[in-house]
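**Student:** Predicted model follows, preceded by the sequence.
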Amino acid sequence: QVQLAESGGGLVQPGGSLRLSCAASGRIVSIDTMAWYRQAPGKQRELVATITRGDSTNYADTAKGRFTISRDNAKNTVYLQMNSLKPEDTAVYYCNADVWVVAAPPRRVAVWGQGTLVTVSS
């Protein structure tokens, strides 16, 4: 009913930058909080950053000062600008959103994307 599609991952050298995008599509009324998570090989999925519909943001300590989350409500899209990337940032990055879907009455569901791989290596 609702899908999230991430893009923008890839291979980057240490110190480089990447911008991830995640677009929501489907029978959407509106979207509340959107977030980025990541899962490194052999590790649990962890929160990277969140952003509310009103653009209030929150970051994991590992992301503060290097990553910036933003969103375009008109496009139902969230972004993650990642700068000064480190090898330890290597992970699959997942988009998550709390979406109000078209229904009678409307209901809120948590939706996950399929993930996009970010590899930081020289």
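**Tutor:** Good, I have the coordinates.

**Student:** Figure out how far stretch 20-39 is from the centre of its chain.
**Tutor:** Averaging C-alpha positions (C-alpha atoms, centre = their mean, to the nearest Å) puts stretch 20-39 7 Å from its chain's average.

**Student:** Hmm, I typed the wrong one, I wanted stretch 54-70.
**Tutor:** Distance of stretch 54-70 from the chain centroid (C-alpha atoms, centre = their mean) equals 11 Å.

**Student:** Could you work out the end-to-end span of it for me?
**Tutor:** From its first residue to its last, stretch 54-70 covers 11 Å (C-alpha to C-alpha, to the nearest Å).

**Student:** And that stretch, what's buried?
**Tutor:** Across stretch 54-70, burial judged by 16 or more other C-beta atoms under 10 Å covers 59, 63, 67-69. In this view, the C-beta of every residue, glycine as well, is placed from N, C-alpha and C.

**Student:** List just the nearest of the residues you listed to Val29.
**Tutor:** Ile69 (22.2 Å; C-beta to C-beta).

**Student:** residue contacts, that closest one?
**Tutor:** Neighbouring residues of Ile69 by C-beta atoms under 8 Å, 6 or more residues apart in numbering: 34-36, 48-51, 57, 59, 78-81.

**Student:** Go through the buried residues of stretch 54-70 and say which is closest to Ser30.
**Tutor:** Taking C-beta to C-beta as the measure, Ser30 lies nearest Ile69 of the buried residues of stretch 54-70, at 18.2 Å.

**Student:** Look up the closest residue to the closest one, ignoring the ones flanking it.
**Tutor:** Using C-beta to C-beta, 6 or more residues apart in numbering and skipping residues adjacent in sequence, the residue nearest Ile69 is Ala49, 4.0 Å away.

**Student:** again with Ser84
**Tutor:** Nearest non-adjacent residue to Ser84 (C-beta to C-beta, 6+ apart): Arg66, at 4.8 Å.

**Student:** Could you tell me the per-residue confidence at that neighbour?
**Tutor:** Arg66 is assigned 98 on the pLDDT scale.

**Student:** what's it in contact with, if anything?
**Tutor:** By C-beta under 8 Å, 6+ apart, the residues touching Arg66 are 82-85.
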